[in-house]
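>>> here are the coordinates; sequence isn't available:
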């Protein structure tokens, strides 16, 4: 079985107009991808309402899998989506219901005035009784509730066997068992898949035994032959949008590139050997890989492939993309202007921030400390202070 706790379609509760075209392309990709993969149930999370409940109701016609939410109502007391689904797996009748977190920012959601969210605990208690009455032998809750709220639901609604949560804060939490419910939370964004094996306990009591593991979706995993080409086509369309949005230059008072941040060549005036070594590394050519893949204006990629994202506060312009391309000294050590002005008296950050970008789903590497020494060896015997 495959279930999702929600927050699938969008990254935030409210989407700025500028980001709407890209968001729609990614949403369409996720719909088609999930249609191809198959999904037993998707809970409606807060971020799934980013373009309004009417948008989601229209989107539902495109889905070949069910949207569920037991506690999301309209102002007249009617549910927007089915509260649960009943299905079968390995001869076991399974009930899956969904809950959305109650503290939605209604003012930020389009048509937020149409929405009402009821108590997760009360709704869960009623739904579990209904599922059991309908013959469910195993009950799953899919939700975007945080871990603390999931605990409350487990206490107030006995009879839940499994709670699958998605973390709004992008964190994985270690599974635990409470009041008979096995509770597990995953990060959002498709970085990790939870793989849970469920079997009858050998003690003859009818209870369940769980074996859980988290599977990171590493870049080394081959693309699906159907979904892979869909991803590439979508990224090509997004690249066109992003290229049109990038300004030729940053406003005069809106950039720290060249001010707080100086660039690798400036660092090289006092650290010539470091600069020479940096030019031989893949870090110095990191932005070139984006150009090759036609993703040089994709903010999700530029953040790790160019210093300009840091020094221009996340805003891209062509002039600074040329000057501050690649993973430079200040990408790891922070802005160097004060360090330069004090002739090295003001210390720089240690620069051990590799895991911000080198993650399993992006670019996994082993033995960080050894790699750091290769790229930026210490001590720097070439350092000089003019």
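Nice, I can see it. Just so we're clear, the structure is a prediction, and the values are computed from it rather than from any experiment.

>>> low-confidence ranges in the stretch 101-250 of the chain?
Residues of the stretch 101-250 of the chain meeting the criterion pLDDT under 70: 167-172, 188-189, 246-250.

>>> ok, residue 261 - contacts?
Neighbour list for residue 261: 307, 310-311, 324, 330, 335-337 [criterion: Cβ atoms under 8 Å, 6 or more residues apart in numbering]. Placement of C-beta: from N, CA and C, glycine included.

>>> again, 6 Å this time
311, 330, 335 (Cβ atoms under 6 Å, 6 or more residues apart in numbering).

>>> SS state for the second one?
Right, residue 330. Recorded secondary structure, residue 330: helix (DSSP: H, G, I helix; E, B strand; the rest coil).

>>> and it, how far from residue 80?
For residue 330, the distance to residue 80 (Cβ to Cβ, to the nearest Å) stands at 48 Å.

>>> and these two? which has more neighbours close in?
Neighbour count, other Cβ atoms under 10 Å: between residue 330 and residue 80, residue 330 has more, with 26 against 19.

>>> was I right about the more buried one contacting residue 338?
No. Counting by Cβ atoms under 6 Å, residue 330 sits too far from residue 338 to count as a contact (11.6 Å).

>>> so residue 218 is in contact with residue 360, correct?
Yes. Taking Cβ under 6 Å as the definition, residue 218 is a contact partner of residue 360 at 4.5 Å.

>>> can you give me the helices for the stretch 1-150 of the chain?
Assigned by DSSP state H, counting those that start in this stretch, the stretch 1-150 of the chain shows helices spanning 20-37, 53-59, 120-133, 147-156.

>>> three-state assignment of the closest residue to residue 26 other than its chain neighbours?
Of all residues not flanking residue 26 in the chain, residue 234 sits nearest, at 6.9 Å (Cβ to Cβ, 6 or more residues apart in numbering). Secondary structure, three-state DSSP: residue 234 is helix.

>>> does residue 234 touch residue 25 like I think?
Yes. With contact defined as Cβ under 6 Å, residue 234 counts as touching residue 25 (5.4 Å).

>>> need the phi and psi values for residue 300.
phi -60, psi -20 (degrees, to the nearest 10).

>>> distance check, it against residue 227.
From residue 300 over to residue 227 the distance is 18 Å, taken as Cβ to Cβ.

>>> ok, the two, which is more surrounded?
Ranked by neighbour count (other Cβ under 10 Å), residue 300 and residue 227 place residue 227 first, with 16 against 13.

>>> who's in contact with that one?
33, 36.

>>> can you check residue 175 too?
Contacts of residue 175 (Cβ under 6 Å, 6+ apart): 184, 212.

>>> check which helix or strand covers it.
Using DSSP states H and E, residue 175 falls within strand 173-178.

>>> between that strand and helix 147-156, how big is the angle?
20 degrees (axes from the mean of the first three to the mean of the last three Cα atoms, to 10 degrees).

>>> so where do the strands sit in the stretch 151-300 of the chain?
With DSSP state E, counting those that start in this stretch as the criterion, the stretch 151-300 of the chain has strands at 162-167, 173-178, 181-187, 192-200, 208-216.

>>> would you format these as JSON lines with distance to residue 287 included?
Formatted as JSON lines, the strands of the stretch 151-300 of the chain follow (distance: least, Cβ to Cβ, whole Å):
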{"stretch": "strand 162-167", "distance to residue 287": "31"}
{"stretch": "strand 173-178", "distance to residue 287": "36"}
{"stretch": "strand 181-187", "distance to residue 287": "27"}
{"stretch": "strand 192-200", "distance to residue 287": "28"}
{"stretch": "strand 208-216", "distance to residue 287": "26"}
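
>>> can you say which of the ones you listed is packed in most?
Across these, the average number of neighbours (mean count of other Cβ atoms under 10 Å) peaks for strand 162-167, which reaches a mean of 24.

>>> that one: partners in the sheet, and parallel or antiparallel?
Strand pairing for strand 162-167, using DSSP bridges, gives strand 138-143 (parallel), strand 181-187 (parallel).

>>> what angle sits between the last one and strand 192-200?
Read it as strand 181-187. Calculated by the same axes, to 10 degrees, strand 181-187 forms an angle of 160 degrees with strand 192-200.

>>> between strand 208-216 and strand 181-187, find me the angle.
If you take the same axes, to 10 degrees, strand 181-187 sits at 10 degrees to strand 208-216.

>>> just checking, residue 201 touches residue 207?
Yes. In this structure, residue 201 is within contact of residue 207 by Cβ under 6 Å, at 4.5 Å.

>>> in stretch 47-57, what's buried?
The neighbour-count check on stretch 47-57 (16 or more other Cβ atoms under 10 Å) flags 47-51, 53, 55-56 as buried.

>>> what does stretch 280-289 give?
If you call a residue buried by 16+ other Cβ under 10 Å, then stretch 280-289 has these buried ones: 283-287.

>>> which other residues reach it?
Contact with stretch 280-289 is made by 278, 305-306, 325-327, 375, as judged by Cβ under 6 Å, 6+ apart.

>>> go on, stretch 359-372?
191, 216-218, 354, 358.

>>> and which of those is nearest to residue 72?
The closest of the contacts of stretch 359-372 to residue 72 turns out to be residue 191 (Cβ to Cβ; 26.0 Å).

>>> and for the closest one, the neighbour number?
By other Cβ under 10 Å, 17 other residues sit near residue 191.
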